Each structure stands twice: as C-alpha cells, then as structure tokens.
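>>> Can you look at this prediction? I've put the sequence above it.
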Amino acid sequence: MDESIMIVKDYATTYGVNILIAIIIFIVGFWISKLITKSATKVMTKSEMDPTLVKFLSGIIKNLLYVFVIIAAIDKAGIESTSLVAVLGAAGLAVGLALQGSLSNFAAGVMLIIFKPIKVGDFVEAAGVMGGVQEIGIFVTTLTSPDNKVIYVPNSQMGGGIITNYSVKDTRRVDMEFGIGYTDDIDKARRVILEVLSNDERVLKDPAPDVFVGTLGDSSVNFKVRPWVKRENYLGVYSDVTENIKKKFDENNISIPFPQTDVHLFQKSNN
C-alpha cells in the first residue's frame, strides 16, 4: 500500500511540475506572442505598408506564434508532439492543395499591394475590364465601371496580365482622326482644325498638338489630330473637339466622305 502511494506521489510530482511549467509556457508564450505581433505591426505601419497587408501579415504572425507556443506547452506537459506536428503538416498540405486558387490570388494580391501598380481611385484597364479601383483586397480587386457596375476581379487575373493605368500621368494625348475629300484643300482643313484646337482652353499649348495627314484612304484624306490635355479633361475634349470640327468643316465647305454605293442602270436595246 505504501509502495502504491509512493508511485502515485512520484508520478504527481514529476508530471505535476511539467504540467505547471506547460501552463506557464502557455500563458507567458501567448503574452510574448501578442507583444511581438504588436511590435511587428508598428514596424510595418511606420514603413507605410498598405493597411490591408499590415492587418493580414499581423494575423499570420500571431497565429504562427500561437501554434509554436501550444506545441511547446504540449511537449513540456509530456504529450508526444511529433505526431501532432505531422498531423498539422498533413492538414496544412491538404488545405493548401484545396485552396490552390485562393493562394494564387493571395500571392498576387500581396504583389499588387507591395509594388502598387494600381491604387484606390485609379482608373485602370485589366483582365478584360475597365473601371475605377474601389478596393484592393487580399484575394480580389473591386472596380467600379463607368456605368456604375461593381466588378470583382480575382487578383491572379489582375496581377497576371497587362494593366493599363490611366491615372498615373497628369496629362494624356487625345488621338482623333478626321477625313476630308480628295478634292478639298488640305491646308485649309489643317488651319480649321488648328483653329478649333486653339479656341479650346483645355487643350495644352505645351506640348503643342500634332495635326498631320496620316493616311490616304479609299475615299478620303485622313488627318491625325493629337492634342494634349489634363487627364480629367480627356473625354470632354474628345467629344467637344469632334463636334466643333464637324461644324467648322460644314461652315468652310469641307466635306467629310462617308461610305456610299453608286448604282448604274443600263437599258438593254431590243434591236
């Protein structure tokens, strides 16, 4: 009987201490994990890293530290942790394979946030769609189309193709083309076009607009017209200049050819 009591006493002494140490590791480890996460968050914030990425990376750091503390505490308590680590590794691999597409979107999202080819408020064209950037998330980028539709683009598609950002530069060139008839005066048409451009205050003087004959079409002499404007004036200048040049061509008797078909009828003689 005394021997049994001694065995129980020895067991309780040995493992009781280990369990107590495991509890201390658990409590102190969680406290240190929170302290490290908080410090890492401050460092990332001071480095002006994107808030979305800061929040996500902080969560990853905290969870990894928590897992490490839990495994250390379990191991100290006398529970075999090797099997637990193996199970966690296998589960992680299975989850990774199942979420392969999501992980690809995540990686692309991190790249977009770090290298910043686009930012919130930019007007971009990517993945076959066009719109203003409303939000750059970890997995998807949200765009608002010009007709006010919300478009969700997976980051793997957004970052894996060509991105055209219309908001990076302060100025844009407006590319237009106007055709005149072969019998019309080329120099007169050029003067009319330059007059319309000079009368529009939104057209920049530097760089000066280019007006030149670009091609000789099937039925028209085609002018390339390329004024420079502030990016916010692009659409307004495009539409207004197009309308005003048409009006000025009409006033100056300059024709704008359009496709037409001539039909010739022949009367067959009975003789």
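Great, that's in hand.
>>> Just the helices from the stretch 1-150 of the chain, written as ranges.
2-46, 51-76, 82-98, 100-115 (DSSP state H, counting those that start in this stretch).
>>> Out of these, name the one with the poorest average pLDDT.
For the helices of the stretch 1-150 of the chain, the weakest mean pLDDT is recorded on helix 82-98, namely a mean of 57.
>>> mind listing the helices for the stretch 151-271 of the chain?
155-159, 186-198, 234-251.
>>> Turn these into a markdown table, columns for mean neighbour count.
Every C-beta, even on glycine, is put in place using the N, C-alpha and C of the backbone. Compiled in a markdown table, these are given as follows (neighbours: other CB atoms under 10 Å):
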| stretch | mean neighbour count |
| --- | --- |
| helix 155-159 | 22 |
| helix 186-198 | 17 |
| helix 234-251 | 15 |
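>>> Out of those helices, flag the one nearest residue 138.
helix 155-159 (7.7 Å; CB to CB).
>>> Now do that closest one, average pLDDT.
Mean predicted lDDT for helix 155-159 stands at 89.
>>> repeat for stretch 258-270
The average pLDDT within stretch 258-270 is 68.
>>> same deal with stretch 171-190?
96.
>>> Kindly check the end-to-end length of it for me.
One end of stretch 171-190 sits 24 Å from the other (CA to CA, to the nearest Å).
>>> Off-centre distance for it?
Here stretch 171-190 is found 37 Å from its chain centre; the criterion is CA atoms, centre = their mean, to the nearest Å.
>>> can you pull the buried residues of it?
By neighbour count on 16 or more other CB atoms under 10 Å, the buried set for stretch 171-190 is 172, 174, 176, 178-180, 184, 189-190.
>>> circling back: next, format the helices of the stretch 151-271 of the chain as CSV and append distance to residue 118.
Below are the helices of the stretch 151-271 of the chain laid out as CSV (distance: least, CB to CB, whole Å):
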stretch, distance to residue 118
helix 155-159, 8
helix 186-198, 32
helix 234-251, 18
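>>> Of all the ones you listed, which one comes closest to residue 137?
The closest of the helices of the stretch 151-271 of the chain to residue 137 is helix 155-159. By CB to CB, the value is 7.6 Å.
>>> and the closest one, what other elements does it pack with?
Judged by 3 or more CB pairs under 8 Å, 6 or more residues apart in numbering; DSSP states H and E, helix 155-159 is in contact with helix 100-115, strand 140-144.
>>> TSV for those, including mean neighbour count and distance to residue 238?
Output for the helices and strands packed on helix 155-159, formatted as TSV (neighbours: other CB atoms under 10 Å; distance: least, CB to CB, whole Å):
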stretch	mean neighbour count	distance to residue 238
helix 100-115	16	30
strand 140-144	20	21
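>>> Can you tell me who the closest residue to residue 151 other than its chain neighbours pairs with across the strands?
What sits nearest to residue 151 in space, not counting adjacent residues and going by CB to CB, 6 or more residues apart in numbering, is residue 143, at 4.3 Å. Taking DSSP bridges as the rule, residue 143 bridges to residue 133, residue 151.
>>> neighbouring contacts of stretch 131-144?
Identification of contacts with stretch 131-144 by CB atoms under 8 Å, 6 or more residues apart in numbering yields 50, 52-53, 56, 102, 105-106, 109-110, 112-113, 118-124, 129-130, 145-146, 149-155, 158.
>>> With stretch 198-206 instead?
Residues outside stretch 198-206 that contact it (CB under 8 Å, 6+ apart): 171, 197, 209, 227-230, 233, 236-237, 240-241, 244.
>>> if I look at residue 58, how far off is residue 22?
27 Å (CB to CB, to the nearest Å).
>>> So between these two, which is more surrounded?
residue 22 (20 against 17; other CB atoms under 10 Å).
>>> Thought residue 69 was touching the more buried one, still the case?
No - at 10.3 Å, residue 22 does not count as touching residue 69 under the criterion of CB atoms under 8 Å.
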